[in-house]
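# Kindly return the folded structure for what I paste below:
(chains A and B)
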Amino acid sequence: MKTKFKQIFEKLYAQKDKLWLVIWLGGLLLVWGWNLLFLNRPALQRIETGFINSFMIALLVLVFSLALSWITVNSLLLPHRWLRTLFVFLLNILRSIPQIVGILFGYVGITLLLQQGKLQSTFTVLVLMAIVVSLFVFQELVDLMRERVRHFHKSDFYQAMLVRGIAESRIINYDILWMNSRVHIFNKLIAIFGVAIFLQCSVDFIISIGLSTTLSSIDLPVTLGTLLANIDSKQDILAIGNSLMHPSYISKIFFEHLQGVTVAFLIVFSLLSIYKIANGFTERFKL
Amino acid sequence: MRRRLTEHLLSILVITLLAAGVFWYLRAQNEQKPTPAEKQLGPLLELPFAEYDDPFHTALLRDLLDLYRPGRSAENDSLLSLLLKTREQKLVKELTRSHLQQKLTWPKLGQLSLMYGQFIWVYVLVLFLTYYGVQTVAVMRFVRKKQERESYLYALWQLLSAKPFSGGAQKTLKAVRQAVSLLIKAALRGLLYFILFSPAYVIAYSLRTRIDTDTVFFMIVLGVFSNGLLINYANKFYTFLVSESRKGYVLTAMVKNLSTDYSHHKKRGIPYRAIFALRKHFGAHVFQHIFINSRYQYLATFKEQASFLITGLIIIEMALNIHGHLGYELLQQLLYQNYEIVLVIILFIFYLVKLTEMATDWFIERLARVYENKI
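Coordinates of the predicted model:
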């Protein structure tokens, strides 16, 4: 039994992405269990909803980023040179807008639509939020895809396939992107997942603390960012600083300040775990 | 280079023209448009001698209306009440918005320029520090990998797997000391990771009761160490180091007897001094070539790093409500719907990103010419 456990651990240690996936899920489960015991039900429900919404948006960001990148890479196959140049030019302009500014404006737009009553379902709002975030993060994936296409474009097999009469779009989409780059794309998607969570939490936090008087944060679905901006959570986070000077206070943090500490932990621990998973994946496939 | 420069300048021109168009549109929209009630009551609202707070004036107006519009008493009453109501609404609206609404004036532009100057100053400093940090952390990680050092937790696991407590008291004590030391190191490293991955506002709020977090110094510290910037871009640099180390020229260099010893304390190794130096140089070590080539490749990512840094700094200024800073000003003006000023701030930020991109492209071009022996 002991040897088997040791073998499993050694195997997991060699595949760090899987190890960190286990650590992440284990950590989340542990925190949930702790909260189930010591946090009041309404607060726990808010955290659960915030967590699910945040991760739902991040997953949708992956879907939209993938779609946008695929469309972009295929648009670069357009027959007219000036159209291609225009497309790249517009992409570069979009790249020069800092992500936070773009997403902030997108979110303000969504909130205005909500106030005008044009958006009714929460899912539609989540989808819109994901579209806004993906507009400012998908370029990383485009860069990777273009680099892969450029890399294979130089090789003999590309020319050979063209000579055989195979359509360029098939070579790019199937032979290059699907057959030879999907591991790279998946790795990049893991990184984008982390960036999406970070940006989304930050914008939600900023909107909730900075714009809450006119653009009510109640209108937007609860996410980890909005929960962190909640006054109770902020008090909980302040308590961490208090415990630095009064170490005896540390024990109280895990019982009396659970809401804020849990939200902060979920954000930071998820970002760290996703980083480690992406790293492990890179190492395992020698990308 | 000329093509790239043209593209940059063209995008600056396009965005500036677009912003100017939006600016004039906003200005036209902001001109006070009268409400339907104000339109209907226009001349009555503007009567220079009438003071409607005075009951005598109100009664006088009522009599005048009856005089000029005889037989329409009820209509005149409702007109008068509408007049008083509209006047009150206009006054309330002006009072509540007057101190919040701002237009883009020359003094305001000057104020924004000062904030922009401060933002640029902080940005350049943090960019320099993070660039140094990214290289140092990546080199450190690469050297540790070459030294085949395992993580502290894994070392602890191995120590415990070797059944260290079964020997004598002295052996047990030594093992306990080792285990505790590894555990402390692992905990410290974990804490460091948590700090590096924490969004700036989490760190700032954690320390707010103990430290004044609204200072420029603290902003710089947060800019360097938080938001995952340092660790993520160090990882990208590290990836370049690993991919370079797999290339053929490394084997050639080894054949030419360049050092491949990665220990810190040997003469032909990699000393800490070289790792932490501002200008990193590793002498006749094969790593010198790996490092230089990786640094060149990283320059393309540097633009991405700069853009993410701006995002980070704006998040810090907005989330911490640091008064008198560009990010905070942007948030405030957005809140008060002063879109003219918002537009100017965004334009400022766009120019900064473009300027960084142009400078990086120029530097890449220059280095490429050096590598191709054209200079």
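
# lowest-pLDDT helix or strand in the chain?
As the question left the chain open, I've gone with chain A. Least confident helix or strand of chain A, by mean pLDDT, DSSP states H and E, is helix A:2-14 with a mean of 77.

# wait, I meant chain B there
Lowest mean among helices/strands of chain B [mean pLDDT, DSSP H and E]: helix B:36-45, a mean of 71.

# any idea which helix or strand comes after that helix?
Per DSSP states H and E, the first helix or strand lying C-terminal to helix B:36-45 is helix B:55-68.

# re earlier: quick one: buried residues of the least confident helix or strand of chain A?
A:Leu12 (16 or more other C-beta atoms under 10 Å in any protein chain shown). For the C-beta atoms, the positions are set from N, CA and C on the backbone; glycine is no exception.

# and what of stretch A:247-264?
For stretch A:247-264, the neighbour count (16+ other C-beta under 10 Å) marks A:253, A:257-264 as buried.

# Just list the residues touching A:Gly210, thanks.
Residues counted as contacts of A:Gly210 (C-beta atoms under 8 Å, 6 or more residues apart in numbering or on different chains) are B:318-319, B:321, B:331-332, B:335.

# okay, and for the stretch 251-375 of chain B, where does confidence drop off?
Scanning the stretch 251-375 of chain B for pLDDT under 70 picks out B:374-375.

# Show me which residues of it are close to chain A?
B:304, B:307-308, B:310-311, B:314-315, B:318-319, B:321, B:330-332, B:334-335, B:337, B:346, B:349-350, B:353-354, B:357 (C-beta under 8 Å from any C-beta of the partner chain).

# ok, back up a step: what packs against the least confident helix or strand of chain A?
Applying 3 or more C-beta pairs under 8 Å, 6 or more residues apart in numbering or on different chains; DSSP states H and E, one finds that helix A:2-14 contacts helix A:16-38, helix B:152-161.

# which helices and strands sit right next to the helix or strand hosting B:Leu191?
Secondary structure assigned from DSSP H and E places B:Leu191 in helix B:169-197. For helix B:169-197, the elements it packs on are helix A:258-284, helix B:152-161, helix B:229-245, judged by 3+ C-beta pairs under 8 Å, 6+ apart.

# contacting residues around the very next helix or strand once past that helix?
The helix or strand immediately downstream of helix B:169-197 is helix B:200-207, counting by DSSP H and E. Helix B:200-207 is contacted from outside by A:202, A:205, A:228, A:234, A:237-238, A:240-241, A:244, A:264, A:267-268, B:195, B:213, B:218, B:222-223, B:225-227, B:312, B:315-316, B:319-320, using C-beta under 8 Å, 6+ apart.

# picking up where we left off before, closest one to B:Val14 among the helices and strands packed on helix B:169-197?
For these, distance to B:Val14 was read as C-beta to C-beta. The smallest value, 29.3 Å, belongs to helix B:229-245.

# Whichever helix or strand B:Thr130 is part of vs chain A: in contact?
For B:Thr130, the host element (DSSP H and E) is helix B:106-146. No: using C-beta under 8 Å from any C-beta, helix B:106-146 stays clear of chain A, coming no nearer than 9.9 Å.

# how big is the angle separating that helix from helix A:258-284?
50 degrees (axes from the mean of the first three to the mean of the last three C-alpha atoms, to 10 degrees).

# Okay, helices next: where are they in the stretch 51-200 of chain A?
Taking DSSP state H, counting those that start in this stretch as the test, the helices found in the stretch 51-200 of chain A are A:81-95, A:99-115, A:122-153, A:156-163, A:168-170, A:182-210.

# Which secondary structure elements does the shortest one sit against?
With contacts defined as 3+ C-beta pairs under 8 Å, 6+ apart, helix A:168-170 has no packing partner among the helices and strands.

# mean confidence for it?
Averaging pLDDT along helix A:168-170 gives 89.

# check contacts around residue 12.
By default, I'm working from chain A. A:18-19, A:22.

# looking at chain B here, not the other one
With C-beta under 8 Å, 6+ apart, B:Ile12 has these contacts: B:350-351, B:354.

# so the helix or strand that contains it versus helix A:81-95, what angle?
B:Ile12 belongs to helix B:2-30 when assigned by DSSP H and E. Helix B:2-30 and helix A:81-95 meet at an angle of 70 degrees, taking the same axes, to 10 degrees as the criterion.

# circling back: point out the most buried one among the helices of the stretch 51-200 of chain A.
Comparing those by mean neighbour count (mean count of other C-beta atoms under 10 Å in any protein chain shown), helix A:182-210 ranks first with a mean of 23.

# just how off-centre is it within its chain?
Chain-centre distance of helix A:182-210: 3 Å, with C-alpha atoms, centre = their mean, to the nearest Å.

# Run the contact check for whichever helix or strand comes after that helix versus chain B.
Using DSSP H and E, the helix or strand that follows helix A:182-210 in sequence is helix A:224-229. Yes: contact of helix A:224-229 with chain B is found when judged by C-beta under 8 Å from any C-beta, involving A:Leu228.

# and after helix A:224-229, which helix or strand comes next?
Next helix or strand after helix A:224-229 toward the C-terminus (DSSP H and E): helix A:231-245.

# Show me what counts as buried in that following helix.
By neighbour count with 16+ other C-beta under 10 Å, helix A:231-245 contains the buried residues A:233-234, A:236-243.

# mean confidence score for stretch B:59-68?
The average pLDDT within stretch B:59-68 is 82.

# Which one of the residues in the stretch 51-200 of chain B is closest to chain A?
Per C-beta to the nearest C-beta, B:Phe197 is where the stretch 51-200 of chain B lies closest to chain A, at 4.6 Å.

# what pLDDT does that residue get?
Listed pLDDT for B:Phe197 reads 93.

# doesn't B:Asn235 make contact with it?
No: here B:Phe197 does not reach B:Asn235: they are 11.7 Å apart, not a contact under C-beta atoms under 8 Å.
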